[in-house]
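Student: The following comprises the amino acid sequence and a computationally predicted model.
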Amino acid sequence: MNVFFDCDFTLTGVHGGLRPYVREAFEAIIADGHKVYIWSGARVPWDIYEDFGLEDLISGVYFKPIEDHHASLKFLQIPVFPDFVVDDNVGPVEAFGGYVVPPYIYVKEPDDHLLRAYRHFKAWVAGEAPASNLPS
Ligand SMILES: [Mg+2]
């Protein structure tokens, strides 16, 4: 599966720091035989790719569609299909399935939402969880 992570407020917080458990979640997804990609609706997020030593884990870096999500994949030259997306906005998760995390704003509070996203992904792959954590 191709697992796409939003960047701003999903992987990084208000002051630009990395959210807890980014590397652990990426490593777990890859260890299970899947691939990790990052994307952003604001830019192609090479800054996230380069600034946090995650290059060994990320298979692609892309501009994220902010509307018309499926049709935009070709225009944005995204060569693989996002099977599961993790985002602090509902739109991409509604479009592709995945897991909505709260925006990473309260950076001093305990935060395990990326581990929760991984556990939901793993359960979905096993057929034991719905395609997203959105209310059905
Ligand atoms: Mg975001």
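Tutor: In hand now; what should we look at? Numbers count the residues shown, from 1 in each chain.

Student: What segments of this structure are strands?
Tutor: 2-6, 35-40, 58-63, 84-87, 98-100 (DSSP state E).

Student: got the CA positions of the second one in PDB?
Tutor: I take that to be strand 35-40. Extracted in PDB, the C-alpha atoms of strand 35-40 (Å, rounded to 0.1, in the frame of the first residue of the first chain):
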ATOM      1  CA  LYS A  35       5.600   2.700   1.300                       C
ATOM      2  CA  VAL A  36       5.600   6.100   2.800                       C
ATOM      3  CA  TYR A  37       5.100   9.300   0.900                       C
ATOM      4  CA  ILE A  38       4.700  12.900   2.000                       C
ATOM      5  CA  TRP A  39       2.800  15.700   0.300                       C
ATOM      6  CA  SER A  40       1.600  19.200   1.100                       C
END
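
Student: Flag every residue of this protein that's near the ion.
Tutor: Counting by Cβ under 5 Å from the ion, the chain comes close to the ion at 6, 8-10, 88. Every residue, glycine included, has its C-beta placed from N, CA and C.

Student: what's the distance between F5 and G127?
Tutor: In this view, F5 and G127 are 23 Å apart by Cβ to Cβ, to the nearest Å.

Student: In the protein, spot the helix with the most residues.
Tutor: Counting residues, the longest helix found in the chain (DSSP state H) is helix 113-125.

Student: Quick one: distance of stretch 117-127 to the chain centre.
Tutor: Relative to the mean C-alpha coordinate of its chain, stretch 117-127 is positioned 14 Å out (Cα atoms, centre = their mean, to the nearest Å).

Student: export that stretch as PDB, just CAs?
Tutor: Provided in PDB are the C-alpha atoms of stretch 117-127 (Å, rounded to 0.1, in the frame of the first residue of the first chain):
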ATOM      1  CA  ALA A 117      -2.900   6.400  12.600                       C
ATOM      2  CA  TYR A 118      -0.500   3.500  12.100                       C
ATOM      3  CA  ARG A 119      -2.500   1.100  14.200                       C
ATOM      4  CA  HIS A 120      -5.700   2.100  12.300                       C
ATOM      5  CA  PHE A 121      -3.800   1.500   9.000                       C
ATOM      6  CA  LYS A 122      -2.600  -1.900  10.100                       C
ATOM      7  CA  ALA A 123      -6.100  -2.900  11.200                       C
ATOM      8  CA  TRP A 124      -7.600  -1.700   7.900                       C
ATOM      9  CA  VAL A 125      -5.100  -3.700   5.900                       C
ATOM     10  CA  ALA A 126      -6.000  -6.700   8.000                       C
ATOM     11  CA  GLY A 127      -9.700  -6.100   7.200                       C
END
